[in-house]
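1. Need coordinates for the following:
(one chain, ligands or ions: 1)
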Amino acid sequence: MSAQLLPIEPFDLVIFGGTGDLAVRKLLPAMYHRFVDGQIQPSSRIIGVAREGLDDAGYREQVRAAIEKGVAHVAKAQLEAFIAMIGYRSLDARKADGWDEFSALMAAQPTHIRVFYLSTSPDIFTDICQRLGSLGLNGERSRVVLEKPIGRDLQSANAINDAVAGYFTESQTYRIDHYLGKETVQNLLALRFGNALFEPLWNAQHIDHVQITVAETVGVGHRAGYYDRAGALRDMVQNHILQLLCMLAMEPPSSLAPDAVRDEKLKVLRSLRPIDASNAGQLTVRGQYRAGAAEGQSVPGYLDELGSDQSKTETFVALKAEIGNWRWAGVPFYLRTGKRLPNRVSEIVVTFRALPHSIFDPANGPLLPNRLTLRLQPDEGVKLWLTIKHPGPGGLRLRHVPLDMSFAAAFGIQQPDAYERLILDVVRGNPTLFMRRDEVEAAWNWAGPILQAWEGSGDTPKPYTAGTWGPSAAVALIERDGRTWAEDAA
Ligand code: NAP
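-> This next block holds a predicted model:
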């Protein structure tokens, strides 16, 4: 079946923080790709907003440079047509000046869907929403997109959500988690619920354990200031990794209707066994990188990048989570993320239970458990590890090999970036892949006591050398259970 790319109705996308790193590196190139594929009608508008005193022409130059840098094979005519949709308004979210002119600009296209993408620090979400509300720009054809981080704990998340809710209803509010827009995550739904093969095995009787790894080779670099207030648990686990865990572990929803899926994810979050001061010492490991080598170069340690000689912020976390329900009781979910690790990789590895009995001679080779590897980046794809006979003569030699479905190779297509799908989903009004408020709250309800336990313990994160897989305690966390991290699996 060939791909069917349906144009979506004309819209105005207003990117608050339109000159920022996220907008320039991700959001604008994502829109360019959808435009080139004919999904965005030329009467749509993309309007950048920031304090910098640019005019339309100046911003268009920035956008042109960003597309030329970030997109391979740019066709000049298409780029010019895309640039013609771009505009800019210099506004300070905290000041009144310029908002009436902004309102007039919006009024020029009264029938367009309006997407207000808040790609700024959450400190100014309230100011922006309040101004949009007072200008009447929060009508039923308006949507607001909230970037992470949504709070640093339950209380601050509630404060942000309450403030936004003063002007936009829950159905107008799209809390973005770009991991949910990744092709592999969509494929997890297709694999689980589009095949008869997996679902009967998808439970504690047949699955030994699950690992989720989100590893980065980069350090904190110029984001050290932001990162030091967050840390790996807040930056990665509370949102992205828990969302992946939910997609993997949820019960089959009755349909793909947004709330049917989100109701099931919420149940998973609410079933996570608490980790608090009583068990955080056994179930969690925090690390912080020291100087070492990454991507073939010597790199400084975290404290050097931060320019401070003390910080208890974790740049690595490994933990053992459990879901207390009938399907998953007793199945460990080992979660791990960090900066300055050896490879940039995000993957989920589902390891099935070992065979109850072997009919083979040990000399035939090892019988390893089946494993399903879902890789989100790089090289999105799925591998199902099976035992087969090595072909040809030479006796019965068992081999553990992957049925390999690398999406790009298998389908000969360029993988779309997650933001391409997600922004168009906002325009379409489809919130399935966005976090509902109660999910954010449930995630903080689980993550908050871990953070409190760490703070209360007085311990500091364990050091690890940049370019290694975190502190040795992270290896011990899983090896204590007779298992190993699966970094060589895929
Ligand atoms: P950034 O590079 O610091 O950009 C911030 C943007 O906000 C700039 O365009 C800035 O322009 C604008 N801004 C700041 N204060 C403003 C004000 N008072 N009124 C209007 N505009 C204002 O940040 P970023 O990396 O793009 O990240 C934006 C948000 O997305 C952050 O919350 C970040 O945590 C989140 N995020 C970023 C990434 C990423 O890859 N970068 C990934 C996921 C989430 P002016 O200074 O000219 O006003």
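2. ok, how many other residues are close to the residue lying closest to H178 once chain neighbours are set aside?
-> Nearest residue to H178 in three dimensions, chain neighbours excluded: A418, at 4.2 Å (C-beta to C-beta, 6 or more residues apart in numbering). (Each C-beta comes from the backbone N, C-alpha and C, glycine too.) A418: 23 surrounding residues under other C-beta atoms under 10 Å.
3. ok, now which ones touch A418?
-> For A418, the contact set (C-beta atoms under 8 Å, 6 or more residues apart in numbering) comprises H178, Y179, L180, G181, K182.
4. quick one, helices of the stretch 201-350 of the chain?
-> For the stretch 201-350 of the chain, applying DSSP state H, counting those that start in this stretch gives helices covering 224-230, 232, 242-249, 258-271, 280-283, 302-306.
5. Next, format those helices as TSV and append mean pLDDT and mean neighbour count.
-> Output for the helices of the stretch 201-350 of the chain, formatted as TSV (pLDDT from 0 to 100; neighbours: other C-beta atoms under 10 Å):
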stretch	mean pLDDT	mean neighbour count
helix 224-230	92	16
helix 232	98	27
helix 242-249	97	24
helix 258-271	97	19
helix 280-283	98	16
helix 302-306	95	20
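6. out of those helices, nearest to the ligand?
-> In terms of C-beta to the nearest ligand atom, the element of the helices of the stretch 201-350 of the chain nearest to the ligand is helix 224-230, at 6.4 Å.
7. Could you list every helix and strand in contact with that closest one?
-> helix 302-306 (3 or more C-beta pairs under 8 Å, 6 or more residues apart in numbering; DSSP states H and E).
8. hey, C-alpha coordinates of the helix it packs on in CSV?
-> This file holds the C-alpha atoms of helix 302-306, laid out as CSV (Å, rounded to 0.1, in the frame of the first residue of the first chain):
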residue,chain,number,x,y,z
TYR,A,302,30.4,17.5,34.6
LEU,A,303,31.6,19.8,37.3
ASP,A,304,34.1,21.5,35.0
GLU,A,305,31.4,22.1,32.4
LEU,A,306,29.2,23.5,35.1
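9. what about F125, distance to N161?
-> Noted for F125: a distance of 10 Å to N161, by C-beta to C-beta, to the nearest Å.
10. before we move on, the earlier item: need the contacts of A418 in CSV (columns: pLDDT, distance to L384 and secondary structure).
-> Converted to CSV, the contacts of A418 look like this (pLDDT from 0 to 100; distance: C-beta to C-beta, whole Å; DSSP: H, G, I helix; E, B strand; the rest coil):
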residue, pLDDT, distance to L384, secondary structure
H178, 93, 26, helix
Y179, 92, 22, helix
L180, 94, 23, helix
G181, 92, 24, helix
K182, 90, 19, coil
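11. Single out the residue in this structure that lies closest to the ligand.
-> As assessed by C-beta to the nearest ligand atom, the ligand sits closest to G20 within the chain, at 2.2 Å.
12. can you pull the contacts of that residue?
-> Contacts of G20 (C-beta under 8 Å, 6+ apart): A50, S119, T120.
13. picking that back up, now the contacts of A418 as a markdown table including neighbour count and distance to the ligand?
-> Output for the contacts of A418, formatted as a markdown table (neighbours: other C-beta atoms under 10 Å; distance: C-beta to the nearest ligand atom, whole Å):
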| residue | neighbour count | distance to the ligand |
| --- | --- | --- |
| H178 | 20 | 7 |
| Y179 | 22 | 10 |
| L180 | 24 | 13 |
| G181 | 22 | 12 |
| K182 | 25 | 14 |
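14. sorry, back to before: could I get the contacts of G20 as JSON lines with pLDDT and secondary structure?
-> As requested, those are exported to JSON lines (pLDDT from 0 to 100; DSSP: H, G, I helix; E, B strand; the rest coil):
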{"residue": "A50", "pLDDT": "98", "secondary structure": "strand"}
{"residue": "S119", "pLDDT": "97", "secondary structure": "coil"}
{"residue": "T120", "pLDDT": "96", "secondary structure": "coil"}
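15. all helices of the stretch 1-150 of the chain, in order?
-> Going by DSSP H, counting those that start in this stretch, the stretch 1-150 of the chain shows helices at 21-22, 28-36, 56-70, 76-83, 99-107, 125-134.
16. So for the longest one, what gets flagged as buried?
-> Just to be clear, that refers to helix 56-70. Y59, R60, Q62, V63, R64, A66, I67, G70 (16 or more other C-beta atoms under 10 Å).
17. Then stretch 463-470?
-> For stretch 463-470, using 16+ other C-beta under 10 Å, the buried residues are Y464, A466, G467, T468, W469, G470.
18. Give me the mean pLDDT for that stretch.
-> Averaged across stretch 463-470, pLDDT comes to 97.
19. Can you get me the start-to-end distance on it?
-> End-to-end distance for stretch 463-470: 8 Å, by C-alpha to C-alpha, to the nearest Å.
20. At the contact with the ligand, which residues of the stretch 151-300 of the chain appear?
-> Residues of the stretch 151-300 of the chain lying near the ligand by C-beta under 6 Å from any ligand atom: none.
21. what ranges do the strands span in the stretch 151-300 of the chain?
-> Counting by DSSP state E, counting those that start in this stretch, the stretch 151-300 of the chain has strands at residues 173-175, 207-215, 284-290, 292-294, 297-299.
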